[in-house]
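K.L.:
Structure for this input, please:
(chains A and B)
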Amino acid sequence: MSSRSDRPLGVGTERAILALPLVALLVAAGWGHGGTRELHAAPAPVIGGVAPAADLDVLRWAITARPGTRLLRVCADPNNLPFTNRAGEGFENRLAELVAKEMNATLQYTWWAQRRGFIRNTLKAETCDVVMGVPTSFELAATTKPYYRSSYVFVTRADAPFRVASFDDPVLRRLRIGVQIIGDDYANAPPAHALTNRGIVGNVRGYTVYGDYSQPNPPARVVDAVAKGDIDVAIVWGPLGGYFAKHEPVPLRVVPVSPQIELPYLPFVFDISMGVRRTDPGLRDTLDMILARRRAGVDSILDAFGVPRVDRPAPAGVS
Amino acid sequence: MRASLILLCDTLSVVALLTATGCLKEKGERDRPPQAAVSSAAASASGLPTIAAAATSSDDGQWLMPQKDYANSRYSSLAEITPENAKNLKLAFTFSTGVLRGHEAPPLVVNNTMYIVTPFPNYLYALDLTKPGAPLKWKYDPRADQSSQGVACCDVVNRGAVYSDGKIIYNTLDGHTVAVDANDGHEVWNTRVANINLGESVTMAPLVAKGKVFVGNSGGEFGVRGWLTALDASNGKVAWRAYSTGPDSEVLIGPRFKPFYSQDQGKDLGMKSWPGDAWRTGGGTVWGWLAYDPSLDLIYYGTGNPGPWNPEQRPGDNKFTSGIFARDPDDGQAVWYYQWSYHDMFDYDGINEQLLLDMPMGGQSRKVLVRAERNGYVYVIDRATGEVLSATPFGYINTSTGVDLKTGRLMYVADKAPKMGEVVRDVCPSSPGMKDWQPTAYSPRTGLLYIPHQNLCMDHESVEASYIAGTPYVGMISKFRPGPGGNRGVFQAWDLVNRKEKWSIKENFPVWSGTLATAGDVVFYGTMDGWFKAVNARDGTLLWQFKAGSGIIGQPITYRGPDGKQYVAIEAGVGGWSGAIVAGDIDPRDSTAALGFVNVMKDLPQASTKGGMLYVFSL
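P.N.:
The predicted structure is shown next:
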């Protein structure tokens, strides 16, 4: 995409400079708690129990940066493992740390629930500059080269008396199936469509991808339901299934779905990239360089979080 | 003569689109201006429908609820402003709300005080009408949860407050109903009714009747299960809650439930008309208007569209979504239900307002309910039984061919059903329907229903990968386009007796404001490019217009001031679903934003900027 920006932004350096007088003001006003504390959380409206106090909003621009350093401003959901959370425990948190280190930049987050309006209120509002994970063909951002490819997966209990690896497996007709539902504007997760195409409707239970935001990692409820035995199989996006399969109290089995693409156009496999504003190709190029240079480091983070990948033969392989 | 003028207007629609001023009628033959309010009885003698007597009251010149009366007439008997003198309307005073999002609420006027509720953060202002310039008496801040903004689907609007027994009662986006002392602005009670962590929000204006406050939820996009809740008006305690889906025990369906059509009769249809337990997240939210008929002792309200599954994933009628309930206000028990759009495929929420009228039909007066519905038909329904007496298109429809009056079923056109992975073009009306939430008004003097509405069609297409909460998917999206004629909005006068259009005004943008009818035979509405207009109730002649600072999606009201004069008030402040491109600063290149609405509103940012402002006019 060519740049048509009327306000081209680098990697946050301008912002850092702008922020300084405000920081000084706040410190002078007694807020600074000693003045040298570094915040790694930019207050922004988020949903529910993890919401920051609204009056902190004014501090969004005041996140400190040592003069002369770059800022890597990441737009992220504060409550969505395995991707990100406020405590920095997700694999996208780790990737952000890796990138920040490579750029010799200070890492800073703008927190916002990753729902409709997420991009508009974060990346497009220029309160942050990069989203660590978006589909490579995402329309709302300029994307890096993909750094992993994953698949929707079947998640079952390891002790389940059945095996399922394909949407065409007859056993699906008699299992209790959980899928995630997204919205009423013809925007549901691919497995829901795959089941509908086969007339599998009555034994399908929907779990809203939004869940109850006052609970940790709301999209994980559908995997919890497999562990608890409420459903027999969950069909979810790979990183979610892979991570929670390792963290549930009972052993779970994770199998990529088949086919990978259902005709005419229903893919279950997606390439994932980092996303920046279309007006920010410089940052995208920087990220591409880092992803290439730190390929092994990226892979080891993905491995550590059990992210199922279909773009490489073995988890530890190097492309 | 009139017909030829309308024809002329049609041919000028392209010009109208370009000039953005709408197709304004030439002046027709004027009716004599009224000297005084004409009673409903007199109007009845003329053979025109009257406002249900029990659901309205003698007009004291105040404005106590958004709909004006329980009948939802939005009709005032004030008659000082007439077609002859409307050109002399002048600004009396203004007030900035300090809020930039879409202003959909009407002011209230009670005891020489004007009350204004804003979009999120849902401030309540009281203005003293007895003093020059109507200065601020007090401001109440409910301290609504910031995070609720992320839950609202279509801008963070509020559709109004209601006055009852010394209190101003309204809902906050974060799911609270609050009662505020009308004199001093202190909070009397505050009840959390909805859970934003589950995606529920509240945008509707409550109705107060028989000592109860009736409130419903929004959030169908998040897999919310719709409900109507009754609170005790004196202390805010929940009296009952009726869900729109699920078992009869939770929908409050019992022995009194006697729906007119067989398709709505049976046990637990709120579960059985869904696959599996899809009813648990089935939608049917209640974010529109209520009416109350004291003579039948029934409240009426519509339910939102089913969701969040795509239609092919929820085979069945999906009851009790996209329909209308009549309930007992005391215990919530359902008395009848009718489904406007069974198994809705087009996002046709059934939440619009219903007008309670007494209508001469076949030599007798029928107690009817009139509804200009999303799916494009003006319904006339027997409000005691739920029988559909007529359903007449008030614009271009190709998603259905009519309503079967024997069965009550909408007759869908199969070709227009959206299917995953297929492109379906030219679906009319589009998701906001022929008319959305923006309320109509009825004048018993003219027998005309004044309908502000849109004229939009849509295309369904697949999109590239989308992403939400860490989950990639390929979506279907709708892109809205102007309907036949090219004008995106219509202000229409509908002849209820003859079931046809009397006159209409084409508007460039969707007419997303409410309407006001007066006994002076002047009706008022606003446009999204900021014109507040007064037109002749009988022929649609433009009498006067004022350019507000922002587009208008609010609801005009009129009242008698302390000086005895008639005033007209409107809040400007563009936004809402249709205006989200401005209020939400959405990139016009993002054609799928605001559920497809942005595609057809790309020029709104050139026509209006945001900003909430009250304007009050008098002669």
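
K.L.:
what bits of the chain have low per-residue confidence?
P.N.:
Going with chain A. Applying pLDDT under 70 to chain A flags residues A:1-68, A:184-186, A:312-319.

K.L.:
Correction: the question concerned chain B.
P.N.:
Residues of chain B that meet the criterion pLDDT under 70 lie in B:1-45, B:147-154, B:462-464, B:589-593.

K.L.:
All the helices of it, residue numbers only.
P.N.:
Along chain B, the segments classed as helices by DSSP state H run B:2-11, B:13-19, B:40-45, B:248-251, B:269-272, B:576-583, B:604-607.

K.L.:
ok, now chain A?
P.N.:
With DSSP H as the criterion, chain A has helices at A:13-28, A:91-103, A:118-121, A:190-197, A:221-228, A:238-247, A:281-293, A:295-304.

K.L.:
The closest residue to chain B within the stretch 1-150 of chain A bridge partners, please.
P.N.:
With Cβ to the nearest Cβ as the measure, residue A:135 is the residue of the stretch 1-150 of chain A nearest to chain B, at 3.5 Å. All C-beta spots, glycine's among them, are computed from the backbone N, C-alpha and C. Taking DSSP bridges as the rule, residue A:135 bridges to residue A:272.

K.L.:
Wait, it touches residue B:471, no?
P.N.:
No: Residue A:135 is not in contact with residue B:471 according to Cβ atoms under 8 Å; the separation is 10.0 Å.

K.L.:
hmm, who's touching stretch B:599-606?
P.N.:
Contact with stretch B:599-606 is made by B:456, B:479-482, B:488, B:509, B:528-529, B:551, B:574, B:578-579, B:581-582, B:588, B:591-592, B:594, as judged by Cβ atoms under 8 Å, 6 or more residues apart in numbering or on different chains.

K.L.:
and residue B:306, what does it touch?
P.N.:
By Cβ under 8 Å, 6+ apart, the contact set of residue B:306 is A:184, B:282, B:283, B:284, B:314, B:318, B:321, B:322, B:343, B:344.

K.L.:
switch to 10 Å and redo it
P.N.:
Residues in contact with residue B:306 (Cβ atoms under 10 Å, 6 or more residues apart in numbering or on different chains) are A:184, B:220, B:226, B:244-245, B:273-274, B:278-279, B:281-284, B:314, B:316-322, B:341-345, B:347, B:349.

K.L.:
now swap in residue A:262 and tell me
P.N.:
Shown in contact with residue A:262 (Cβ under 10 Å, 6+ apart): A:167, A:190, A:193, A:194, A:197, A:198, A:268, B:421.

K.L.:
so which of those residues is the most crowded?
P.N.:
Neighbour counts for these, by other Cβ atoms under 10 Å in any protein chain shown, peak at residue A:268, which reaches 28 neighbours.

K.L.:
Quickly list what the closest residue to that residue other than its chain neighbours is bridged to.
P.N.:
Excluding the flanking residues, the one nearest residue A:268 by Cβ to Cβ, 6 or more residues apart in numbering or on different chains is residue A:152, at 4.3 Å. Beta-bridge partners of residue A:152, counted by DSSP bridges, are residue A:237.

K.L.:
Is it correct that residue A:152 is in contact with residue A:193?
P.N.:
No: using Cβ atoms under 10 Å as the test, residue A:152 is too far from residue A:193 to be in contact (11.1 Å).

K.L.:
neighbours of residue 109, just the number please.
P.N.:
Let's take chain A. When neighbours are counted by other Cβ under 10 Å, residue A:109 registers 25.

K.L.:
wait, I meant chain B there
P.N.:
24.

K.L.:
One more: the one 3 residues further on?
P.N.:
Other residues near residue B:112 number 16, with proximity taken as other Cβ under 10 Å.

K.L.:
ditto for residue A:253
P.N.:
18.

K.L.:
Residue B:523 versus that one, what's the distance?
P.N.:
Distance, residue A:253 to residue B:523, using Cβ to Cβ, to the nearest Å: 67 Å.

K.L.:
Which strand residues bridge residue B:545?
P.N.:
Beta-bridge pairing of residue B:545 under DSSP bridges involves residue B:533.

K.L.:
these two touch, right, it and residue B:529?
P.N.:
No: the pair residue B:545 / residue B:529 is not scored as a contact, 11.1 Å apart, by Cβ under 10 Å.

K.L.:
Quick test: name the residue nearest the centre of chain A.
P.N.:
The centroid of chain A falls nearest to residue A:83 when counting by Cα atoms, centre = their mean (4.3 Å).

K.L.:
Domain-wise, how is chain A divided?
P.N.:
A:13-147+A:270-304, A:151-269 (automatic domain parsing).

K.L.:
Dump those domains into a markdown table; add distance to residue B:120 as well.
P.N.:
Shown next, in a markdown table, are those (distance: least, Cβ to Cβ, whole Å):
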| stretch | distance to residue B:120 |
| --- | --- |
| domain A:13-147+A:270-304 | 10 |
| domain A:151-269 | 18 |
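
K.L.:
nearest to residue B:397, of those domains?
P.N.:
domain A:151-269 (20.6 Å; Cβ to Cβ).

K.L.:
how long is that closest one end to end?
P.N.:
The first residue of domain A:151-269 is 4 Å away from its last residue (Cα to Cα, to the nearest Å).

K.L.:
what does stretch B:529-549 give?
P.N.:
9 Å.

K.L.:
Also stretch B:187-206?
P.N.:
Start-to-end, stretch B:187-206 (Cα to Cα) is 17 Å.

K.L.:
and the closest residue to residue B:473 other than its chain neighbours, how many neighbours does it have?
P.N.:
Nearest non-adjacent residue to residue B:473, counting by Cβ to Cβ, 6+ apart: residue A:189, 5.1 Å away. Neighbourhood size, residue A:189 [other Cβ under 10 Å]: 25.

K.L.:
Let me see the contact set for the closest residue to residue B:301 other than its chain neighbours.
P.N.:
If the residues on either side of it in the chain are set aside, residue B:301 comes closest to residue B:290, at 4.4 Å by Cβ to Cβ, 6+ apart. The contact partners of residue B:290, taken as Cβ under 10 Å, 6+ apart, are B:65, B:67, B:70, B:72, B:204-209, B:214-216, B:228, B:299-302, B:325, B:327, B:329, B:351, B:353-354.

K.L.:
All set now, cheers.
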